[in-house]
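My questions concern the predicted model and sequence given below.
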Amino acid sequence: MSAAIAYTIRRSPRARRASVSVDAERGVEVVLPRRARDGEAERVVAELRPWIERRMGQIAHARAAVRGPGGTLPYLGAWLELVPQDGRTRAHRAGDRLLVPGGDPGPAVERWYRRMARAEVVERLDAAVAALGTRYTAVTIRAQRTRWGSCSPSGAMSFNWRLLLAPEEVLDYVVWHEACHLLVADHSPRFWALVARHRPGYKAQTRWLRRYGAALTLEAAGLDGPGTAARAAA
């Protein structure tokens, strides 16, 4: 007999029918219309069980690929050792170590990655727009679940801080992708030719994001909760 699939239920006034999502942070989530019965969630999970199990397997594989040695977090292809320190409130990098608050380091670690993302992105974006002979108007660092970057018609750029959990060439590709949108707004052959001219191996990075992007979270990468760093370093 197959084991039951654990799931959570979220009700949405915009939902017209039951739907299921599976991701590395929230697990299996069933979205129901506001007036649907709870039994509808059980029905749709049973109906979609083969797809859910396949997706869970893909995420488990992605988590294993992203996660490094115990007590570490990835940073653009390198591994930073988590070092908890009582009384510390901010995360700080010292060589290949990341000094973090004792207890629950998660919020401080995410803030640190966000700060580093701005520095890493702006450096690369400045170089890209200089090579392209164009300019941008602003940079925002976000935490979208499914979007890695965007470029508005006004030249405002947005990037996902979770890209720092990926190899460096993946961040490079996403920055160049969005920079090229400053010249070509759509995804026409002209756009992809421009990307290929500056990032010849970009298809490998798009494949990497499709395969492992779902696991680019601190939890999937090794920060499992309060005391994680302390346990790993003990």
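That came in fine, so what should we check first? Numbers count the residues shown, from 1 in each chain.

buried residues in the longest helix along the chain?
When secondary structure is assigned using DSSP state H, the longest helix within the chain turns out to be helix 106-132. Applying a neighbour-count criterion of 16 or more other C-beta atoms under 10 Å, the buried positions in helix 106-132 are 106, 108-110, 112-113, 116-117, 120-122, 124-125, 128-129, 132. Heads up, the C-betas are built off the backbone N, CA and C, glycines and all.

Quick one: list the elements packing against that helix.
Helices and strands in packing contact with helix 106-132 are listed as strand 92-94, strand 97-101, strand 138-142, strand 156-160, helix 168-181, helix 189-198, helix 218-221; criterion 3 or more C-beta pairs under 8 Å, 6 or more residues apart in numbering; DSSP states H and E.

and with 7 Å instead?
Identification of packing neighbours for helix 106-132 by 3 or more C-beta pairs under 7 Å, 6 or more residues apart in numbering; DSSP states H and E yields strand 97-101, strand 138-142, strand 156-160, helix 168-181, helix 218-221.

Out of those, the one nearest V28 is which?
helix 218-221 (15.1 Å; C-beta to C-beta).

Any buried residues in that closest one, and which?
Within helix 218-221, the residues that qualify as buried by neighbour count (16+ other C-beta under 10 Å) are 218, 220-221.

Next: stretch 67-78.
For stretch 67-78, a neighbour-count test (16+ other C-beta under 10 Å) marks 67-68, 71-76 as buried.

now do stretch 151-159
Taking 16+ other C-beta under 10 Å as the basis for neighbour counts, the residues of stretch 151-159 that come out buried are 151, 157-159.

which one of these sits closest to A193?
Here the nearest of those to A193, counting by C-beta to C-beta, is C151; it sits at 17.4 Å.

tally of neighbours for the spatially closest residue to that closest one that is not a sequence neighbour?
Once flanking residues are discounted, C151 sits nearest to H181: 3.8 Å by C-beta to C-beta, 6 or more residues apart in numbering. Neighbour count of H181, defined by other C-beta atoms under 10 Å: 23.
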